[in-house]
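Enquirer: Curious how this folds, go ahead:
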Amino acid sequence: MTQPLRRCICPGSFDPVTNGHLDVVGRASRLYDLVTVGVLVNASKKGLFALDERIAMLREVTAPLGNVEVVSFQGLLVDFCREQGIPVVVKGLRAVSDFDYELQMAQMNHRLTGLETVFVATNPEYSYLSSSLIKEVAAYGGDVSGLVPELVLERLRERMPPRASATDPRAAE
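Expert: Numbers count the residues shown, from 1 in each chain. I've put the predicted structure just below:
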């Protein structure tokens, strides 16, 4: 008798994917047979990267893991997980504030369909990272290398060319 696949999902918007996201996905890939990275489609939110760009970047940077699939979903996470036969959500926690929100989500998901949530403490090296912070720093020409995969860094540089600051003497030229 063969054992069923141990499956989980790591959901998010991943706009863009950060090294913190990849740390959580990589750790989940060592615990589960198949990790689904679920990219949330939120029609009311305009992202920096289109859905297909986010999926393509995620597929490229998770390919070395070997047991990760990247798909999009919309609607309730519990409905998607039920349809796909995924019993566990893996979420990274950066701070106590993350826990407050994620615990409520986990309890609601469990109440709705019995979906379990496993919390993974984020590597302290990435505990302050968020996609929003990466976009803000990059928009002002800050260096986000080492915080996102090289592929994402290149795409950010294409999308957000460095700005001259008011204190930069070249800005007056």
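
Enquirer: Show me where this protein has its helices.
Expert: Using DSSP state H, the helices found in the chain span residues 19-31, 51-62, 77-84, 96-113, 131-139, 150-159.

Enquirer: Report the buried residues of the longest one.
Expert: Going by neighbour count (16 or more other C-beta atoms under 10 Å), the buried part of helix 96-113 is 98, 102, 106, 109. In short, each C-beta sits where N, CA and C put it, glycine included.

Enquirer: The fifth one now?
Expert: Residues of helix 131-139 classed as buried: 131, 134-135, 138 (neighbour count, 16+ other C-beta under 10 Å).

Enquirer: rewinding a little: present the helices of the chain as TSV; the columns should include distance to residue 119.
Expert: As requested, the helices of the chain are arranged in TSV below (distance: least, C-beta to C-beta, whole Å):
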stretch	distance to residue 119
helix 19-31	10
helix 51-62	20
helix 77-84	15
helix 96-113	7
helix 131-139	19
helix 150-159	25
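
Enquirer: In JSON lines: the ones you listed, plus distance to residue 44 and mean pLDDT.
Expert: As requested, those are exported to JSON lines (distance: least, C-beta to C-beta, whole Å; pLDDT from 0 to 100):
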{"stretch": "helix 19-31", "distance to residue 44": "22", "mean pLDDT": "97"}
{"stretch": "helix 51-62", "distance to residue 44": "13", "mean pLDDT": "97"}
{"stretch": "helix 77-84", "distance to residue 44": "17", "mean pLDDT": "97"}
{"stretch": "helix 96-113", "distance to residue 44": "18", "mean pLDDT": "94"}
{"stretch": "helix 131-139", "distance to residue 44": "16", "mean pLDDT": "93"}
{"stretch": "helix 150-159", "distance to residue 44": "21", "mean pLDDT": "93"}
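
Enquirer: now for the ones you listed, which one comes closest to residue 124?
Expert: Using C-beta to C-beta as the measure, helix 19-31 is the one of those that comes nearest residue 124, at 10.5 Å.

Enquirer: The nearest residue to residue 36 once chain neighbours are set aside: neighbouring residues, count only.
Expert: Taking C-beta to C-beta, 6 or more residues apart in numbering as the measure, residue 36 lies nearest to residue 9, with 4.5 Å between them; neighbours along the chain are not counted. The local packing of residue 9 (other C-beta atoms under 10 Å) involves 26 other residues.

Enquirer: beta partners of residue 9?
Expert: Per DSSP bridges, residues listed as beta-bridge partners of residue 9: residue 36, residue 89.

Enquirer: got a list of what the nearest residue to residue 84 once chain neighbours are set aside touches?
Expert: Spatially, and ignoring its direct neighbours in sequence, residue 84 is nearest to residue 36 (6.8 Å; C-beta to C-beta, 6+ apart). If you count contacts by C-beta atoms under 8 Å, 6 or more residues apart in numbering, residue 36 has them with 7-10, 68-71, 84, 86.
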